[in-house]
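1. Need the 3D shape of this:
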Amino acid sequence: MFALLLLILFLTVLWLIELKRRKLSALVKHLPGPKEIPIIGSEFVLKSEDITDFQALDSKECVASVMKVFLGPKLVLIVSDPVVLQQLLAQCQEKPYLINFFNLEFGLFSAKYPIWKPLRKGLSPAFSQRCSNSFIPIFDKHYSQLVKLLSGKLDTYQFDFHSYIQRQSFHLTLETTLNSTLADDYIDLHSFEEVEDIIGQRTMKSHLHLDLIYKQTNMFKREREIRASIEAMIDKILEEKSRKMAKKTTLNSTLADDYIDLHSFEEVEDIIGQRTMKSHLHLDLIYKQTNMFKREREIRASIEAMIDKILEEKSRKMSKSKMEDLQEQSNSHIFIDQLMHLNQDGRPLTPLEIRQNIIAIIFAGYETTAVTITYTILMLAMHPEVEKLVMNELNEVYKKGDVIDYDLLKQLEYLEMVIKETMRLFPSVPLTIRESIEDMNLDGVGCLPKGVTFVCSFYRLHRWESIWGADSNKFRPERFNSHETAARHPFSFMPFGSGSRNCLGNRYAMLSIKTGLIHLLTNYKFTTNLKMDDIKLKFSITLKLLNTNILKVEKR
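-> As a prediction, this is how the structure comes out:
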């Protein structure tokens, strides 16, 4: 009898969930989308393994600029219309629960609005134009090292070009945001990628949105292992930082690569992505029963251990510093110093809040820049006529040995057009997500209740023929001359997002990318047999290139 009552209760709950889904479906019945299945949501969810399928749905199965998808009972609108995006990004500042799969509830890019707003204000000076300009010598140093590393790979396709860019970008991010340097022995970039994959897979499996289920999965166990590895890496970074601080009165710190486990960050990203796409895993009750949750917990423990070491070192340094040193640190605009001196609701940030923001800046910083440089080099290798124009400009402005500074970088107008065209076709972050916290009305969509999730698809937006012309899938940097740019809607191109929650490091990124391309292009010529139609992409938290061994490097 008791079992029967439980069954009736369970079926009643399912029916109430389905009634809610049908009510939402009726509100958006005029919008296109895949076939809907009771309880399950949209049909494609049954077939999808990761966020790749979610984005492919946007780019292939539907030509509408606004379409609907149901992840279980959850309504998701995929938007790639510039007018709607302008309204949406102005009205929706909140991130949906899917972002919780990152387990960075205090991190700048994933925090809820009340936490995010003072964080954004307090950390903005770390990425101001002035502060970003001060990093150019560090960019210069790291990309000079990259040129030397590539010298051993001349005249061969048999190496992973992107991994070289990725690793150097990671070093660069650590030094410019944490004043820390590390040797390669301590870096495992695969950890970050694996975390990203796990997040992507969890996103697509709605039952894994519930922690109760997710924590019973092998995926959770693996995520937990990776996060533990990342945290151990950060611990090593902070240990080294403490040793360095004992000898210096500055915040500069050096670390060997043995302390870096980039694989942990990537694995956490993957787990979050997977959970995001699986609506049943959105419920902690289910997600926490999965192996995916167990793995995520292991990975996060590793990451947090690394961050704890960083904070330990920072605390030791501050306790030994004289008052004038402390005043100098409080006036510093580098990210970690802004973070350590930031107040939230009249109190200093907790160690957890600081640790999560350090992890967030690493996640957000290193891969996006590396991806853009790789795609830009590939585009120039595919389009020698464009490369010739870039080299003509470089030869006019720069000679080997010249000091690279902001004034020099500002003169590279055509190179900037090339970078923007690359980011149009291959945005490093192909989408962002928002959630309505109140009822809202969108042009062409209608009235929507609070709690709707929006996927803002930059990838699809950047390829609309109605915006970019019949050749929208072709590489043509001239699209970004002043005349064509002025004729487009301001929300037609958003490589760094838009609105108040756009990418804080957009100036920083452009300076870093330009500096890297100067070094690479003035030292090497890149060629490829790949054509545009041959490019294979994976849509995850970042836009990944699946093709390997794609570039040949020759001395220029």
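2. Tell me the helix or strand right after the top helix by length along the chain.
-> Longest helix in the chain, counting residues (DSSP state H): helix 351-382. The helix or strand immediately downstream of helix 351-382 is helix 384-397, counting by DSSP states H and E.
3. That next one - contacts with which helices or strands?
-> helix 351-382, helix 413-425, helix 506-523 (3 or more Cβ pairs under 8 Å, 6 or more residues apart in numbering; DSSP states H and E). Every residue, glycine included, has its C-beta placed from N, CA and C.
4. between these, which gets nearest to residue 487?
-> helix 413-425 (15.1 Å; Cβ to Cβ).
5. how big is the angle separating the longest helix of the chain from helix 506-523?
-> Interaxial angle of helix 351-382 relative to helix 506-523 (axes from the mean of the first three to the mean of the last three Cα atoms, to 10 degrees): 40 degrees.
6. How far does helix 351-382 sit from its chain's centre?
-> A distance of 7 Å separates the centroid of the chain from that of helix 351-382, by Cα atoms, centre = their mean, to the nearest Å.
7. now do stretch 298-315
-> So, by Cα atoms, centre = their mean, the centroid of stretch 298-315 is 21 Å from its chain's centroid.
8. for the stretch 1-150 of the chain, what spans make up the helices?
-> Using DSSP state H, counting those that start in this stretch, the helices of the stretch 1-150 of the chain run over 2-27, 51-56, 82-91, 113-123, 129-134, 136-150.
9. okay if I get the ones you listed as JSON lines plus distance to residue 264 and mean neighbour count?
-> Shown next, in JSON lines, are these (distance: least, Cβ to Cβ, whole Å; neighbours: other Cβ atoms under 10 Å):
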{"stretch": "helix 2-27", "distance to residue 264": "35", "mean neighbour count": "12"}
{"stretch": "helix 51-56", "distance to residue 264": "19", "mean neighbour count": "22"}
{"stretch": "helix 82-91", "distance to residue 264": "31", "mean neighbour count": "19"}
{"stretch": "helix 113-123", "distance to residue 264": "23", "mean neighbour count": "16"}
{"stretch": "helix 129-134", "distance to residue 264": "28", "mean neighbour count": "15"}
{"stretch": "helix 136-150", "distance to residue 264": "22", "mean neighbour count": "17"}
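10. will you turn those helices into TSV that also has mean pLDDT?
-> Output for the helices of the stretch 1-150 of the chain, formatted as TSV (pLDDT from 0 to 100):
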stretch	mean pLDDT
helix 2-27	83
helix 51-56	47
helix 82-91	92
helix 113-123	88
helix 129-134	92
helix 136-150	94
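11. Looking at these, which is nearest to residue 73?
-> Nearest of these (Cβ to Cβ): helix 2-27, 4.1 Å.
12. Would you mind giving me the confidence score for the spatially most central residue of the chain?
-> Central residue of the chain (Cα atoms, centre = their mean): residue 364, 4.6 Å from the mean position. Looking at residue 364, its pLDDT stands at 81.
13. contacting residues around it?
-> 108-109, 503, 505 (Cβ atoms under 8 Å, 6 or more residues apart in numbering).
14. Quick check: it vs residue 104, distance?
-> Applying Cβ to Cβ, to the nearest Å, the value for residue 364 to residue 104 is 10 Å.
15. Let's test this: name the helix or strand in this protein with the lowest mean pLDDT.
-> helix 323-331 (a mean of 42; mean pLDDT, DSSP states H and E).
16. Check the offset of the next helix-or-strand element following that one from the chain's centre.
-> Where DSSP H and E defines the elements, the next helix or strand beyond helix 323-331 is helix 335-340. For helix 335-340, the separation from the chain centroid amounts to 20 Å (computed by Cα atoms, centre = their mean).
17. Ok, stretch 384-398 next?
-> Counting by Cα atoms, centre = their mean, stretch 384-398 comes out at 30 Å from the chain centroid.
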